[in-house]
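1. Below are the sequence and a predicted model for it; my questions follow.
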Amino acid sequence: MGGQAEALLTTLFCGGTAIVLEVFDPVRSLQAIQQHRVNIIGQIPAMFNYQWRTAGYDSYDLSSLELAIYGGQQVPRQFLEKLSAMAPRIATGLGLTESAGFCTYTPPGASVEDLLSSLGQDMPLYPMSVRGAMRQDGMAGGQLADGEIGHVCFQGPQTFLGYVGEPEATARAVSRDGVLYTGDMGFRDAAGLHFAGRAKWIIKPAGHQVFPADVENHFCGLESKVAGCAVVGVEHPLLTEAILAFVEKKPGVELTSAELRSHAKGIASYMRPLHYVILEPGAMPLNRAAKSDYLRLSEMARIEAGRLGWAAGV
């Protein structure tokens, strides 16, 4: 949605020229900016990270850039400082596929401090509200006062029609009175929207939305060897958030990371875990409801990421 609607079609509707590469390649993208004197670039954070780590990055002439836009994920201060060195103006906003793209926008000339604190303002055509949880009757929860943390919602013509073949999922996302629940938590004030966390447990590797259950179910398909699987997101320097899988093997079997990586070829590349932790039988952390304890697993994942040498930032 970001590539098609925000970057490509907006450029064409405004009478601009769009430079399109068949696939993302950090070197070719930097060459394209230099060759075609690109003014505006819009990418997810992982793409900028790959460009900045390209050998000879500083030798490219990027002086034509006037505006660099990122979206899809929260970023640290180091990222914003690097981005502001790449282009004189930087911008972001809250956007999601269900809202056909961006629905909040930071103002022109926003500083690093501005972008660290706020995701910008909504537009009159698609107003934002911060609400309580959706009611049991399917109607939207009540609006909260400025400064109160709640569910970030929108209402208007940008809202999607629904998930294909999944009316129950659609009903959880869009209330009966037409309010879209984004899955994000936050609050608003005079500066705009402030992100507080995710209501939905979604992992976002390089800007893609990955539902843990989809990945877990795929690995549980190895019924002869896998007793259980739980995946969590953990900070990563290039992907922003990487998928780490905890896989509990069945008694009396051998299971290797190589086997799991081979099995992962059956799902989309962005859904594949970057690292696997193979647990002995009975070692999967469980909560009092005998379900995977994701809070404990997240802590284990942070420790494992530290052992692997992953570090936040750019």
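-> Great, that's in hand.
2. and Gln43, how many residues sit next to it?
-> Neighbour count of Gln43, defined by other C-beta atoms under 10 Å: 22. Placement of C-beta: from N, CA and C, glycine included.
3. which residue packs closest to Ile243, ignoring adjacent ones?
-> Sequence neighbours aside, Pro273 is the residue nearest to Ile243 in space, at 4.4 Å (criterion: C-beta to C-beta, 6 or more residues apart in numbering).
4. so the one you found sits in a helix?
-> No - Pro273 is assigned coil when assessed by DSSP: H, G, I helix; E, B strand; the rest coil, not a helix.
5. Would you agree it is in contact with Ala230?
-> No - contact criterion C-beta atoms under 8 Å: Pro273 and Ala230 do not qualify, at 10.8 Å.
6. all strands of the protein, in order?
-> Ranges of strands in the chain, per DSSP state E, are 40-43, 67-70, 89-91, 95-96, 101-102, 128-131, 150-154, 180-189, 192-198, 226-236, 240-249, 275-279.
7. anything in contact with each of Pro273 and Ala230?
-> With contacts defined as C-beta atoms under 8 Å, 6 or more residues apart in numbering, the residues adjacent to both Pro273 and Ala230 are Ala245.
8. List the buried residues for the longest helix seen in the chain?
-> Determined from DSSP state H, the single longest helix within the chain is helix 294-308. Buried residues in helix 294-308, counted by 16 or more other C-beta atoms under 10 Å: 294, 297, 300-301, 304-305.
9. number of nearby residues for the residue lying closest to Leu65 once chain neighbours are set aside?
-> Among residues not flanking Leu65 along the chain, Ala87 sits closest, at 4.2 Å (C-beta to C-beta, 6+ apart). Per other C-beta under 10 Å, the neighbour tally for Ala87 reads 19.
10. Same check on Glu98?
-> 21.
11. low pLDDT regions in the stretch 151-300 of the chain?
-> Within the stretch 151-300 of the chain, the ranges that satisfy pLDDT under 70 run 200, 288-290.
12. returning to that earlier point: report the distance from the longest helix of the chain to the chain centre.
-> With C-alpha atoms, centre = their mean, to the nearest Å as the basis, helix 294-308 stands 19 Å off its chain's centre.
13. repeat for stretch 191-200
-> Here the centre of stretch 191-200 is set off from its chain's centre by 13 Å, with C-alpha atoms, centre = their mean.
14. Okay, buried residues for that stretch please.
-> For stretch 191-200, the neighbour count (16+ other C-beta under 10 Å) marks 192-194, 199 as buried.
15. Stretch 126-133 now?
-> Here stretch 126-133 shows 126, 128-131 as buried, counting by 16+ other C-beta under 10 Å.
16. List just the nearest of the residues you listed to Ala110.
-> Of all these, Met128 has the smallest distance to Ala110: 17.6 Å, by C-beta to C-beta.
17. Spatially nearest residue to the closest one, not counting backbone neighbours?
-> Using C-beta to C-beta, 6+ apart, the nearest residue to Met128 is Asp122, at 3.8 Å.
18. Tell me if I'm right that that neighbour and Gln155 touch.
-> No - using C-beta under 8 Å, Asp122 is not in contact with Gln155, being 10.2 Å away.
19. Who has more neighbours out of those two?
-> Shown here are Asp122 and Gln155; by other C-beta under 10 Å, Asp122 has more neighbours (22 against 17).
20. tell me the contacts of Leu295?
-> If you count contacts by C-beta under 8 Å, 6+ apart, Leu295 has none.
21. if you set the cut-off to 10 Å instead, what comes out?
-> 232, 285, 287 (C-beta atoms under 10 Å, 6 or more residues apart in numbering).
22. ditto for Arg172
-> 134, 138, 163, 166, 181, 183, 200.
23. Look up how far Glu280 lies from it.
-> 36 Å (C-beta to C-beta, to the nearest Å).
24. next one: Ser63
-> 56 Å.
25. Also Gly72?
-> Gly72 is 37 Å from Glu280, by C-beta to C-beta.
26. For the two, work out which one has more neighbours and name it.
-> Gly72 (22 against 10).
27. Burial check on the nearest residue to that one once chain neighbours are set aside, number of neighbours?
-> Excluding its sequence neighbours, the residue lying closest to Gly72 (C-beta to C-beta, 6+ apart) is Gly207, at 3.5 Å. Counted with other C-beta under 10 Å, residues neighbouring Gly207 total 19.
28. again with Tyr270
-> Neighbour tally, Tyr270, other C-beta under 10 Å: 15.
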